[in-house]
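# structure, please.
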Amino acid sequence: MDHKKTHREDAKKLLWLQQFLRGRVLSEIGREEIFLVAEKKRLESSGPTANRYLALVRAILRKACEEWEWIDRAPKIKMYKEAKRRVRWLTPEQEQTLLAELPEHQGDIVLFSLSTGLRQANVLTLAWGQVDLNRRVAWVPGDMAKGKEDIHVSLSQFAVELLQRQIGKHHERIFTYEGKAIGQVNTKAWRAALQRAGIENFRWHDLRHTWASWLI
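Below you'll find the model as predicted:
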């Protein structure tokens with residue numbers, strides 16, 4: 001699945017690159033020309049995005065040189081500097097402290113997020129038609145997923161019991177508050193709970209980092 005997704009993304013990058021490099025002889029494509037093409041992508045998007053295109057060009061030229069022997073040497077390609085990724089997660093002890101400070105409806109969403117690793121939007125919009133409690137599975141259709149691929153999640157017994165507690169609260173959505181679907185979780189109550197729990201520099205998205213770190 002990941003290979004298929006990467007292949008499609010690379011095809012899109014190549015389609016964009018063709019407007020500048022179509023018909024060119026590989027041995028004539030130099031570092032300066034590649035930089036100018038990358039600058040066009042950087043100006044219309046960002047440095048990190050331009051780096052993804054540069055990485056693809058670099059990989060092709062290296063293969064052309066080292067594996068296919070089509071060219072004698074591949075130009076050295078300099079990437080744009082990127083800010084270091086911010087990674088933050090909770091310890092089990094911090095999780096328990098935070099849950100004790102959260103309203104019940106937000107606590108349930110936190111627990112389900114930590115159990116599945118789903119993104120905030122996919123948890124908040126999760127509907128009863130997307131789960132099968134008997135088979136212990138949940139799914140997110142591709143048109144609702146960031147990667148545009150269907151997501152299938154195996155539910156632990158804990159996650160199943162958590163969902164069962166939501167039955168009867170809403171006819172469509174799973175996670176609700178006072179009978180209404182929840183549209184936002186980064187609320188004053190969430191920030192106040194973090195402050196009372198003594199947890200700093202933590203965002204809702206970091207629950208995914210927490211899920212991933214606990215898996216490891």
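
# hey, let's count contacts and neighbours off CA atoms from now on
Fine.

# strands of this structure, start to end?
131-132, 137-140, 151-154, 176-177, 180-181 (DSSP state E).

# for these, which one sits closest to residue 208?
Comparison of the strands of the chain against residue 208 by CA to CA identifies strand 151-154 as nearest, at 14.1 Å.

# so what strands line up beside that closest one?
Here strand 151-154 has these sheet partners by DSSP bridges: strand 137-140 (antiparallel).

# which residues does the strand it pairs with contact?
The contact list for strand 137-140 (CA atoms under 8 Å, 6 or more residues apart in numbering) reads 122, 126, 130, 131, 132, 150, 151, 152, 153, 154, 155.

# one more: stretch 194-211?
With contacts defined as CA under 8 Å, 6+ apart, stretch 194-211 is touched by 87-91, 94, 97-98, 101, 110, 113-120, 185-186.

# and if we set it to 6 Å?
Outside of stretch 194-211, the residues within contact range by CA atoms under 6 Å, 6 or more residues apart in numbering are 88, 89, 90, 97, 98, 114, 117.

# which residues touch the first one?
Contacts of residue 88 were listed using CA under 6 Å, 6+ apart, and they are residue 206.

# which residue is the nearest non-sequential neighbour of residue 163?
residue 174 (7.4 Å; CA to CA, 6 or more residues apart in numbering).

# tell me how many other residues crowd that neighbour.
Residues lying near residue 174 (other CA atoms under 10 Å) number 26.

# am I right that it is in contact with residue 127?
Yes: between residue 174 and residue 127 there is a contact at 5.5 Å, judged by CA atoms under 6 Å.

# re earlier: which pair in the contacts of stretch 194-211 spans the largest distance?
97 and 117 (19.9 Å).

# buried ones in stretch 31-38, by neighbour count?
For stretch 31-38, a neighbour-count test (16 or more other CA atoms under 10 Å) marks 34, 35, 37, 38 as buried.

# nearest to residue 178 among the contacts of strand 137-140?
Residue 178 lies nearest to residue 126 out of the contacts of strand 137-140, by CA to CA, at 16.9 Å.

# give me phi/psi at the closest one?
Residue 126 adopts backbone torsions of phi -60, psi 130, taken as degrees, to the nearest 10.

# list the buried residues in stretch 184-204.
Applying 16+ other CA under 10 Å to stretch 184-204 flags 185, 190, 191, 193, 194, 197 as buried.

# what about residue 198, distance to residue 206?
Look at residue 198 and residue 206: by CA to CA, to the nearest Å, they are 16 Å apart.

# swap in residue 34?
Distance, residue 34 to residue 206, by CA to CA: 36 Å.

# now residue 107
From residue 107 across to residue 206, the span is 15 Å (CA to CA).

# likewise for residue 127?
From residue 127 across to residue 206, the span is 23 Å (CA to CA).
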